[in-house]
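> model the structure of this input:
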Amino acid sequence: MITLGSLFDGIGGFPLAAIHNGITPIWASEIESFPIEVTKMRFPDMLHVGDITKLKGEDLPPVDIITGGSPCQDLSVAGARAGFAGERSGLFMEQIRITKEMRWADARRGKANHLIRPRYFVWENVPGAFSSTNGEDFHAVLEETTRIADSSVSIPRPPRGIWKSVGCILGYEFTIAWRVLNAQYWGVPQRRKRIFLVADFGGHTAPKILFEQDSLFGNTKKS
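Reported below is the predicted structural model:
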């Protein structure tokens, strides 16, 4: 059984995607009361662990995948563009901290690298993250995520400092891939572009997960 923990859970977007792909959502972190009530109805067996800033990774139930769509207000082109220095979007670093703490706790059990959990890390955010603070915010996302696997890694800035909407980093025992997806092509009646970043801290599957599409989820009526 593949398991998932959802940070910045909202109304359970990642847990919903998980169950459609045979993955079991174990716990979620959210502070707003209405979204919590929604997810309690949708996923009655999912544990609610509360405020991300008060969590300790080593105390959380181990999961294979950790997901998070950290607040985007300080990264959006419609916002003040405070970047990760902003109070809300800076919460991304809490996702990094918790992931590290969970992996350190699992590593102390003597596991091989590919068995340490969470092995997979997913981050979702607005495309404005590419240009926020002149590209330094997305640079920070890549470096901080990469350093979960290898603390010595340094990621170079792209030519002219402009990040492309799709990319991949291949490490010795890890991979990170990202791309921009538009909701209108995924069964949702609206145009909504978002960055999706996937990291595999125990192997080279991130590009396969993000770039190799098998099929789209659908609800086709019998005829």
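> residues in contact with stretch 178-194: which ones?
Applying CB atoms under 8 Å, 6 or more residues apart in numbering, the external contacts of stretch 178-194 come out as 69, 124-127, 165-168, 195-198, 210-211, 216-218. No exception for glycine: its C-beta is placed from N, CA and C like everyone else's.
> go ahead and confirm residue 47 touches residue 25.
No. Under the criterion of CB atoms under 8 Å, residue 47 makes no contact with residue 25, lying 9.3 Å away.
> just say helix, strand or coil for the residue lying closest to residue 117 once chain neighbours are set aside.
Spatial nearest neighbour of residue 117, excluding adjacent residues (CB to CB, 6 or more residues apart in numbering): residue 62 at 4.6 Å. Under DSSP: H, G, I helix; E, B strand; the rest coil, residue 62 falls in the coil class.
> same thing with residue 101?
Residue 101 falls in the helix class when you classify it by three-state DSSP.
> which neighbouring elements make contact with the host helix or strand of residue 14?
If you go by DSSP states H and E, residue 14 is part of helix 13-19. Other elements packing on helix 13-19 under the criterion 3 or more CB pairs under 8 Å, 6 or more residues apart in numbering; DSSP states H and E are strand 2-7, strand 23-28, helix 33-42.
> thinking again about what came up before, phi and psi next, for the residue nearest to residue 117.
phi -60, psi 140 (degrees, to the nearest 10).
> quick revisit: which of the contacts of stretch 178-194 fall within strands?
Of these, the ones assigned to strands by DSSP state E are 124-125, 166-168, 195-198.
> off-centre distance for the helix holding residue 14?
Centre-to-centre, helix 13-19 and its host chain are 12 Å apart (CA atoms, centre = their mean, to the nearest Å).
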